[in-house]
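Colleague: Okay, predicted coordinates and the sequence, questions at the end:
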Amino acid sequence: MTTRRDVLKTAAVAMGSTLLPFSTRVSAAGKSGGTLKVALYADPRTFDPHRAGSLQGRATTQSIHDTLFELDSGGNLAPGLVESWEWKDNRTILLTTRAGVKFHDGTDFDAEAVRYNLERIRNPDTGSIRGGEISALDTVETLDSRTVQLKLKQPFAAFLFPLVDVAGCVASPTALERWGKEYGQHPAGTGPFKVVEYMKDAQSVMEKNGNYWMSGKPYLDELILRPVPVDSTRLAELRSGGVDFAESLPLQDISRLRDSNEVVVSEKVGFRWEWFGFNVREEYAGRSQKLRQAFQWAIDREAMHHAAYFGTGSIGYDGILPGTPFHDPDYKPFTRDVDKAKRLIDESGLDEPIELLAPVTSDPVKQRASQIFMANAAEIGVKINTESIEKSGYWAAMKKGTMQLMLEGWWGYRPDPDQYLYLMLHSSGKQAKRMGYNNPKMDALMDKQRSVTDLGERRKLFRQISALMNEDAVYVPYHYGSDFKGHSPRVKGFVHTQDAIISYREMYLEG
């Protein structure tokens, strides 16, 4: 006889959750002690998890603040500060928090701290950039000292996934009350490290949390994080021993570094997906679906893969990143066919000459890819006019919806594709509005995948979404970019996660 609990358990597993507590990831014991010196691409800027935006800010604040959930090696939800969870129905979730965990300021972590942090994100006075990630949340309340009840506005299968990132970081309510918007310089989380010094654009120094709730962790006594924005300088620092670990290694050096013994190179394919985007408003040539579709066949993805990315990463055909259960490695709907692209241009109904204006920044990888795109466009009779622009101007134009053609479009990895595709494809999404995109059929598919609890059914829906996205061709996908990290051979315990967030909790130094 099927019980209500059996039904809930089936739904919970499909949503990536569990009804029963299970232990956090266990790794082999490492060597304790030592200082790890790290070269970051940029300064973290703030240690306030609800205001951190950059990859470096997200990574650093997660060393100070634990998240409610983590991801296992298969991209599924795993316990973090939430020890277990249960979907009571498709709009109600019960979270059971860990007992005996303390914040860096000595106060207790409990269910009320979870409620306080989620409400802080939702409070517009906070200035959080994470509110959209939990916008489906209706109410959050504590049922007892360890139990939090979340009520959603509507069924949303992927709701919990943003809580593996900074939206799920929990800060001490006492410290938040004391410091207010200055909390970012005085953080107090439950994480493995505490901030002891911050010098903007120079270094962040963190020391081991001796009372960390994971017994024996972290192994390192100290972290020194230095922002080094120039790729070649980060690499030079790593090779000389000035740092033990460096992120974002230059793509052109990867092949040579792999053949050397001085540096350990780690690659994670599917860190981001790259696309060219068309503004489909009536005043721009991108309004023609035939024009947009022509570029699916005209662009030379193979050339971009080798010339722009030096053979790293992989060719991409949709917005579903490798590393998620929704990706289909056999989905390759396009081959380069210039004649077919020309026929589509002829059918576009656009007056010649066809011209598009696109801003470009100083990003060398995107510049290489853009040059190939422009050459491919010329082959089918489309002229791309470019204008150099600073990053701030680029983003301002994109947000205003006045950018005719986006040559530098990309989105970083998220564990569930809803986290970015909804913004890009649903007519209510910020990016869809910027591009002028509105397709009721796409809206229906995006809404349906949110309400479905069965993982297999969601996979089928996302394959339909991919096909329709490529048919509409507002976004023309071409590449899955890799994240590269490099470290000294004496650094052990590094796990390269799909989102490129560096976790220092398991790392240690040998020798």
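Modeller: Received, thanks.
Colleague: centre of the chain versus the lengthiest helix in the chain, how much separation?
Modeller: In the chain, assigned by DSSP state H, the helix with the most residues is helix 455-472. Distance, stretch centre to chain centre, for helix 455-472: 20 Å (C-alpha atoms, centre = their mean, to the nearest Å).
Colleague: so after it, what's the next helix or strand?
Modeller: For helix 455-472, the following helix or strand on the C-terminal side (DSSP states H and E) is strand 475-487.
Colleague: Summarise which helices and strands the helix or strand following that following strand is packed against.
Modeller: Next helix or strand after strand 475-487 toward the C-terminus (DSSP H and E): strand 491-492. Where contact means 3 or more C-beta pairs under 8 Å, 6 or more residues apart in numbering; DSSP states H and E, strand 491-492 is packed against strand 508-509. Quick note: C-beta positions are derived from backbone N, CA and C, even for glycine.
Colleague: Partner strands of the strand it packs on, with direction?
Modeller: According to DSSP bridges, strand 508-509 forms sheet pairs with strand 491-492 (antiparallel).
Colleague: before we move on, back to that, tell me which residues of the longest helix of the chain are tucked away?
Modeller: For helix 455-472, burial by neighbour count (16 or more other C-beta atoms under 10 Å) applies to 458, 459, 461, 462, 465, 466, 469, 470, 472.
Colleague: what angle sits between it and strand 475-487?
Modeller: Put simply, helix 455-472 runs at 120 degrees to strand 475-487, going by axes from the mean of the first three to the mean of the last three C-alpha atoms, to 10 degrees.
Colleague: what's helix 455-472 packed up against?
Modeller: Secondary-structure packing of helix 455-472 (3+ C-beta pairs under 8 Å, 6+ apart): helix 289-298, helix 418-425, helix 440-451.
Colleague: That one relative to helix 440-451, how many degrees between them?
Modeller: Orientation of helix 455-472 against helix 440-451 (the same axes, to 10 degrees) gives an angle of 160 degrees.
Colleague: can you list contacts of helix 455-472?
Modeller: If you take C-beta atoms under 8 Å, 6 or more residues apart in numbering as the criterion, helix 455-472 is touched by 14, 16, 157, 289, 292-293, 296, 317-320, 325-326, 328, 331, 333-334, 417, 421, 425, 437, 439, 441-442, 445-446, 448-449, 452, 475, 477.
Colleague: now do 6 Å
Modeller: Around helix 455-472, the neighbours that count as contacts under C-beta atoms under 6 Å, 6 or more residues apart in numbering are 14, 318, 320, 326, 417, 442, 445, 448, 449, 452.
Colleague: quick one: residue 290 from residue 333, how far?
Modeller: As judged by C-beta to C-beta, to the nearest Å, residue 290 and residue 333 stand 17 Å apart.
Colleague: Please disregard the earlier target; I meant residue 343.
Modeller: Distance, residue 343 to residue 333, by C-beta to C-beta: 17 Å.
Colleague: Residue 181 too?
Modeller: 48 Å.
Colleague: Render the CA-only coordinates of stretch 147-156 in CSV, please.
Modeller: Output of stretch 147-156 as CSV, limited to C-alpha atoms (Å, rounded to 0.1, in the frame of the first residue of the first chain):
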residue,chain,number,x,y,z
THR,A,147,13.2,23.5,12.5
VAL,A,148,12.5,26.1,9.8
GLN,A,149,9.4,26.0,7.6
LEU,A,150,9.5,27.5,4.1
LYS,A,151,6.3,28.2,2.3
LEU,A,152,6.6,28.9,-1.5
LYS,A,153,4.3,31.1,-3.5
GLN,A,154,3.9,28.3,-6.1
PRO,A,155,5.5,24.9,-6.7
PHE,A,156,9.2,25.3,-7.6
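Colleague: roughly how far apart are the spatially closest residue to residue 253 that is not a sequence neighbour and residue 446?
Modeller: Of all residues not flanking residue 253 in the chain, residue 235 sits nearest, at 6.2 Å (C-beta to C-beta, 6 or more residues apart in numbering). According to C-beta to C-beta, residue 235 stands 41 Å off from residue 446.
Colleague: which one of these two has more residues nearby?
Modeller: Just comparing residue 235 and residue 446: by other C-beta atoms under 10 Å the higher neighbour count belongs to residue 446, 24 against 20.
Colleague: Read off the pLDDT value for that one.
Modeller: With respect to pLDDT, residue 446 scores 97.
Colleague: so how far is residue 156 from the nearest residue to it once chain neighbours are set aside?
Modeller: When the adjacent residues along the chain are set aside, residue 446 lies closest to residue 426, with 4.5 Å between them (C-beta to C-beta, 6+ apart). Separation of residue 426 from residue 156 (C-beta to C-beta): 13 Å.
Colleague: more crowded one of these two?
Modeller: Just comparing residue 426 and residue 156: by other C-beta under 10 Å the higher neighbour count belongs to residue 426, 23 against 19.
Colleague: hang on, the residue nearest to residue 253 in a strand?
Modeller: No - counting by DSSP: H, G, I helix; E, B strand; the rest coil, residue 235 is not part of a strand but helix.
Colleague: Same list (the helices and strands packed on helix 455-472) but as a markdown table, adding distance to residue 262.
Modeller: Converted to a markdown table, the helices and strands packed on helix 455-472 look like this (distance: least, C-beta to C-beta, whole Å):
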| stretch | distance to residue 262 |
| --- | --- |
| helix 289-298 | 42 |
| helix 418-425 | 37 |
| helix 440-451 | 46 |
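Colleague: Those helices: which one's closest to residue 405?
Modeller: helix 289-298 (9.9 Å; C-beta to C-beta).
Colleague: which strands and helices sit next to that closest one?
Modeller: helix 338-346 (3 or more C-beta pairs under 6 Å, 6 or more residues apart in numbering; DSSP states H and E).
Colleague: which strands and helices sit next to the helix it packs on?
Modeller: Against helix 338-346 (3+ C-beta pairs under 6 Å, 6+ apart) you get helix 289-298.
Colleague: quick one on the thing from earlier: now the residue nearest to residue 446: phi and psi?
Modeller: The phi and psi values for residue 426, taken as degrees, to the nearest 10, are phi -80, psi 140.
Colleague: Could you check how far it is from residue 136?
Modeller: 13 Å.
Colleague: Over to residue 217?
Modeller: Distance from residue 217 to residue 136, counting by C-beta to C-beta: 33 Å.
Colleague: higher neighbour count, these two?
Modeller: Each of residue 217 and residue 136 has its neighbours counted (other C-beta under 10 Å); residue 217 has more, 19 against 16.
Colleague: Looking at per-residue confidence, what score does that one get?
Modeller: If you check residue 217, the pLDDT there is 97.
Colleague: you'd agree it is up against residue 505?
Modeller: Yes - when contacts are counted by C-beta atoms under 6 Å, residue 217 is listed as touching residue 505 (5.4 Å).
Colleague: what sits in contact with each of these two?
Modeller: Residues touching both residue 217 and residue 505 by C-beta under 6 Å, 6+ apart: residue 192.
Colleague: Show me which parts of the lengthiest strand in the chain are buried, residue by residue.
Modeller: The single longest strand within the chain, with elements called by DSSP state E, is strand 264-278. Neighbour counts over strand 264-278 (16+ other C-beta under 10 Å) mark 264, 265, 268, 270, 271, 272, 273, 274, 275, 276, 277, 278 as buried.
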